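[1] Need the 3D shape of this:
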Amino acid sequence: MVRPKVALPNPCLCLVTDRGLLPGGSLADAVIEAVAGGVTMVQVREKDLPGGPLLALARELTERIAGRALLIVNERVDVALAVEADGVHLGEQALAVGDARRLAGPDLLIGRSVHDVEAATKAEEDGADYLIAGAIFPTRSHPGREPGGPALVRRIAGAVRIPVLGIGGVTPRNVAGVLDAGAAGVAVISSILAAERPREAADAFAMAMRHGARLRSSATV
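    I've put the predicted structure just below:
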């Protein structure tokens, strides 16, 4: 049985997994440390893992996270359903949102990666619950993609009604600018997973995001 659909935390700090970035130790341990530091959503994205090992990893993370953060599985609707995850995230070349919804049913969150306003509005029309937009800043994970800066978030967030997370080169130093542009949060890979202390790295993000939220709140009073 799938959990009832939940809302994204706001602001949302999403950790996208990539065990190849770990300086040592297990991916599950690093993820749990990051959740303890303030990560509120984990996207399991291990593209090279076959279904069985991916299912085992997602199940372990589900059990160890124990509801302290949302768990999203990248592209594999079957794995997401099997571990009773909170949702599935679709890359640019993955299943169409409508097809994923027919497989997943009404209760899974469905996210989509987008890089422009046209793709964002199409994903929303097709029923996506949230978007991840990027790359915002230069990033090692997409070296050939021209970063759009916070202006990309501003254009996309202004064109849709669903939450938009910024991804790509986001750090505690520049995260406030991404949120100021209209993002409901950010998705992070290496800035947390490549750190020797994932908990402290996540805490630095969470503190910067809380500080930015307080500044925006005081500016509107």
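[2] those strands in this protein, which residues are they?
    Secondary structure of the chain (DSSP state E): strands at 12-16, 41-44, 70-74, 87-90, 109-114, 130-134, 164-167, 185-188.
[3] residue boundaries of the helices in the chain?
    27-37, 51-65, 77-82, 97-104, 117-125, 149-159, 175-180, 190-193, 198-219 (DSSP state H).
[4] Residue 34: neighbour count?
    The burial count assigned to residue 34 is 27, neighbours taken as other CB atoms under 10 Å. C-betas here are computed from N, CA, C, even on glycine.
[5] Can you give me the pLDDT of it?
    Residue 34 is assigned 98 on the pLDDT scale.
[6] same question, the one 5 residues further on
    According to the per-residue confidence, residue 39 scores 98 in pLDDT.
[7] so who does it touch?
    Neighbouring residues of residue 39 by CB atoms under 8 Å, 6 or more residues apart in numbering: 13, 14, 15, 31, 69, 192, 202, 206.
[8] Name the nearest residue to it, sequence neighbours excluded.
    Nearest residue to residue 39, sequence neighbours excluded (CB to CB, 6 or more residues apart in numbering): residue 15, at 4.5 Å.
[9] Reformat the strands of the chain as CSV; add mean neighbour count and distance to residue 52.
    Output for the strands of the chain, formatted as CSV (neighbours: other CB atoms under 10 Å; distance: least, CB to CB, whole Å):
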stretch, mean neighbour count, distance to residue 52
strand 12-16, 25, 22
strand 41-44, 26, 14
strand 70-74, 24, 14
strand 87-90, 26, 18
strand 109-114, 24, 24
strand 130-134, 26, 27
strand 164-167, 28, 28
strand 185-188, 26, 26
